[in-house]
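Asker: I'll drop the sequence and a predicted model, then ask my questions.
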Amino acid sequence: MKLKIAIQKSGRLHEDSMALLNQCGIRLRSGTGKLKAEADNFPVEVFFLRDDDIPQYVEDAVADVGIVGENVLYEKNKKVKVVQKLGFGKCRLSIAYPKDRPVQTLKDLNGKRIATSYPYVLGKFLKQQKIKAEIHEISGSVEIAPGIGLADAICDLVSSGSTLLTNGLKEGDVVLRSEAILVANPKLNAQKQEIVNKLVFRIKALQEAQCNKYILLNAPDAKLERICEILPGMKSPTILPLAKKGWSSVHSVVNENKFWDIIEQLKAEGAQGILVVPIEKMII
Ligand code: PRT
Ligand code: ZN
């Protein structure tokens with residue numbers, strides 16, 4: 001039994017999706033030019049599709065799981081299960097206004113026209129906000145709509161903001177924050193669910209590793225107690241005696257967010273030769 005995984009054929013999510021499968025130890029047999037590829041060492045088959053089609057294929061069980069942006073998932077509104085956030089493809093769906101016109105806030109949008117490729121998500125947002133505006137669905141180049149007189153504002157994906165800037169638009173309310181997610185058909189059989197569980201276990205090990213660093217340092221024995229207090233570690237730090245008398249080597253794992261604070265404290269306590277090493281996978 002093989003798990004069928006749908007990923008984007010080409011575009012912004014393709015490379016990160018491929019890299020994720022690769023880092024999970026899944027080696028695909030053929031290249032990406034084809035419709036599908038099989039793995040030698042893990043029971044999966046990967047289908048390369050347009051991102052817009054992935055929620056439907058997963059709902060229909062043509063694919064068992066898929067990697068897609070939350071923006072696409074919520075717009076398509078299909079019956080699929082969100083399994084895991086993946087941390088890439090981050091962007092936001094925002095309303096944006098032409099800089100030089102009277103319509104500048106949400107309230108100004110009553111009775112006005114908004115161009116978007118996300119009519120469903122935007123419609124829900126406007127209803128929540130009690131704004132009655134006309135939604136014009138267009139499939140691409142939404143940012144030019146105000147300039148050609150098609151709309152008073154737009155609602156589109158933003159990441160760096162440079163597309164808005166070059167089109168004379170200013171970002172307003174954020175309708176949705178999005179990243180790539182793993183979705184699944186809600187009725188997978190037990191065998192397929194088992195494969196999904198294995199995949200998610202590997203993804204979590206990668207994510208855990210990405211936000212932690214392995215740290216090695218030398219410390220005078222007299223300072224060991226204090227240094228161990230500073231280092232959180234997975235259980236407690238590993239301590240090995242050095243050839244030089246009165247000194248030890250201390251190994252531990254440090255969360256990236258607290259990293260610089262901890263290094264400063266360690267140095268202040270007399271730690272030397274501090275080495276920081278990336279962790280490839282981390283199983284807690
Ligand atoms: O061919 P296919 O249908 O599969 O691909 P596509 O052209 O529909 O999608 P693609 O590859 O452009 O994007 C795939 C997914 O990447 C999206 O559904 C989002 O989940 C995610 N993503 C992340 C983005 C962006 N960032 C993004 N910046 N998708 C699109 N953009 C576009 C945006 O529409 C706008 O035109 O980039 C422009 C804005 O970018 P900045 O950096 O100028 O703000
Ligand atoms: Zn698309």
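Answerer: Structure's in. What do you need? Ligands and ions are numbered 1, 2, ... in the order given.
Asker: For this structure, give me the ranges with low pLDDT.
Answerer: 31-33, 233-234 (pLDDT under 70).
Asker: just the helices in it please.
Answerer: 14-23, 54-59, 70-76, 119-128, 162-166, 190-210, 224-230, 259-268 (DSSP state H).
Asker: Make CSV out of those and add mean neighbour count and distance to C91.
Answerer: For glycine as for every other residue, the C-beta is placed from the backbone atoms N, C-alpha and C. Output for the helices of the chain, formatted as CSV (neighbours: other C-beta atoms under 10 Å; distance: least, C-beta to C-beta, whole Å):
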stretch, mean neighbour count, distance to C91
helix 14-23, 17, 13
helix 54-59, 22, 17
helix 70-76, 21, 7
helix 119-128, 16, 13
helix 162-166, 13, 11
helix 190-210, 16, 19
helix 224-230, 15, 38
helix 259-268, 14, 27
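Asker: and K204, what does it touch?
Answerer: Going by C-beta atoms under 8 Å, 6 or more residues apart in numbering, K204 touches Q84.
Asker: quick revisit: looking at the helices of the chain, which is nearest to ligand 1?
Answerer: helix 162-166 (3.3 Å; C-beta to the nearest ligand atom).
Asker: Not counting its own residues, what contacts the closest one?
Answerer: With contact meaning C-beta under 8 Å, 6+ apart, helix 162-166 is reached by A96, E143, D156, V158, K170, E171.
Asker: which one of the residues you listed is nearest ligand 1?
Answerer: Distances from ligand 1 to the contacts of helix 162-166, taken by C-beta to the nearest ligand atom, are shortest for V158, at 4.3 Å.
Asker: The closest one - how many residues pack around it?
Answerer: Using other C-beta atoms under 10 Å, V158 is surrounded by 17 other residues.
Asker: What of K107?
Answerer: Neighbour tally, K107, other C-beta under 10 Å: 10.
Asker: List the residues that contact the residue positioned nearest the centre of the chain.
Answerer: For the chain, G87 is the residue whose C-alpha lies nearest the centre (C-alpha atoms, centre = their mean; 1.9 Å). Each residue near G87 by C-beta under 8 Å, 6+ apart is listed here: E179, A180, Q207, Q210.
Asker: now swap in E256 and tell me
Answerer: By C-beta under 8 Å, 6+ apart, the neighbours of E256 are C211, N212, K213.
Asker: ok, now N71?
Answerer: N71 neighbours (C-beta under 8 Å, 6+ apart): C91, L93, Y118, V121, L157, L176, S178.
Asker: please redo it, this time with the cut-off set to 6 Å
Answerer: L93, S178 (C-beta atoms under 6 Å, 6 or more residues apart in numbering).
Asker: quick one: which of the helices of the chain is nearest L240?
Answerer: helix 224-230 (11.3 Å; C-beta to C-beta).
Asker: so what secondary structure elements neighbour that closest one?
Answerer: Under the contact criterion of 3 or more C-beta pairs under 6 Å, 6 or more residues apart in numbering; DSSP states H and E, helix 224-230 touches no helix or strand at all.
Asker: chain center to it: distance?
Answerer: 35 Å (C-alpha atoms, centre = their mean, to the nearest Å).
Asker: Please export the C-alpha coordinates of that helix as PDB.
Answerer: Only the C-alpha atoms of helix 224-230 are listed here, as PDB (Å, rounded to 0.1, in the frame of the first residue of the first chain):
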ATOM      1  CA  LEU A 224      30.400  23.400  36.200                       C
ATOM      2  CA  GLU A 225      27.400  23.700  38.500                       C
ATOM      3  CA  ARG A 226      26.600  27.200  37.500                       C
ATOM      4  CA  ILE A 227      27.100  26.500  33.800                       C
ATOM      5  CA  CYS A 228      24.700  23.500  34.000                       C
ATOM      6  CA  GLU A 229      22.100  25.700  35.600                       C
ATOM      7  CA  ILE A 230      22.300  28.100  32.600                       C
END
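Asker: which residues are contacting it?
Answerer: A219, P237, Q265, L266, E269.
Asker: near ligand 2, which residues of the protein?
Answerer: D51, D52 (C-beta under 5 Å from the ion).
Asker: what's the domain layout of the chain?
Answerer: 3-87+180-208, 91-178, 212-278 (automatic domain parsing).
Asker: Reformat those as TSV; add distance to ligand 1.
Answerer: As requested, the domains of the chain are arranged in TSV below (distance: least, C-beta to the nearest ligand atom, whole Å):
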stretch	distance to ligand 1
domain 3-87+180-208	2
domain 91-178	3
domain 212-278	23
